[in-house]
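Asks: Sequence first, then the predicted structure:
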Amino acid sequence: MFGIPGKQAVTITDRAAAQISKLMTKDGHQGLRIGVKKGGCAGMEYTMDYVTEVDPHDEVVETAGARVMIAPMAQMFLFGTEIDYEVSLLESGFRFHNPNVTEACGCGESIKFDEKLGQNG
């Protein structure tokens, strides 16, 4: 596990917790797994998938009835992130307020992290 012992990797706002809880009860999901993958114009993209089984290697964060699993390879990139759910006139969705992001593309779909993150040594 990456991070500080006793401190959750991510925080979940009340709005995000309410939306995640709604998604969990919809089809009996155990929660949402959040990760990162290579892609997009800035180099990395967030991933979100429904989870029917909790992987023992995931870090599990639970807040107000919402459960989020952080994939092992994503924990260092997501540490300190606040997950929010925003609704606007034209769109709604999860927003990641991540202190580890150094750049984001104009469309908001991809991000870039400090190059030191993920390096060993």
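Replies: Looks like it came in fine. Predicted model only: the values in this text are computed from it and were never measured. Numbering: from 1, shown residues only.
Asks: So what pairs up with the residue nearest the centre of the chain in the strands?
Replies: The centre of the chain sits closest to I34, judged by CA atoms, centre = their mean, with a distance of 4.3 Å. Beta-bridge pairing of I34 under DSSP bridges involves M48, I70.
Asks: can you start the count at 2 instead of 1 from here on
Replies: Happy to do that; since the first residue is 2 now, the last one works out to I35.
Asks: quick one, what contacts it?
Replies: 11, 47-49, 69-72, 75, 79, 84 (CB atoms under 8 Å, 6 or more residues apart in numbering). Where you see a C-beta, it was placed from the backbone N, CA and C, and this is true even at glycine.
Asks: which SS class is R96?
Replies: Following DSSP: H, G, I helix; E, B strand; the rest coil, R96 is assigned to strand.
Asks: contacting residues for it?
Replies: Residues near R96 by CB under 8 Å, 6+ apart: 84-87.
Asks: most surrounded residue in those residues?
Replies: Most neighbours among these, by other CB atoms under 10 Å: I84, with 27 neighbours.
Asks: Was I right to think it contacts T12?
Replies: Yes - here I84 reaches T12: they are 7.1 Å apart, a contact under CB atoms under 8 Å.
Asks: could the contacts of R96 be laid out in CSV, adding distance to E60 and pLDDT?
Replies: Shown next, in CSV, are those (distance: CB to CB, whole Å; pLDDT from 0 to 100):
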residue, distance to E60, pLDDT
I84, 13, 93
D85, 19, 94
Y86, 20, 94
E87, 24, 91
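Asks: Please report how far the residue nearest to the centre of the chain lies from G41.
Replies: Counting by CB to CB, to the nearest Å, the separation of I35 from G41 is 16 Å.
Asks: which phi and psi does F78 have?
Replies: Main-chain torsions, F78, degrees, to the nearest 10: phi -80, psi -30.
Asks: Likewise for A19?
Replies: The phi/psi pair for A19 (degrees, to the nearest 10) is phi -60, psi -40.
Asks: Then the one 5 residues further on?
Replies: Main-chain torsions, L24, degrees, to the nearest 10: phi -70, psi -40.
Asks: could you list every residue that touches it?
Replies: 30, 33, 51.
Asks: Could you identify the buried members of these?
Replies: Among these, those classed as buried by 16 or more other CB atoms under 10 Å are 30, 33.
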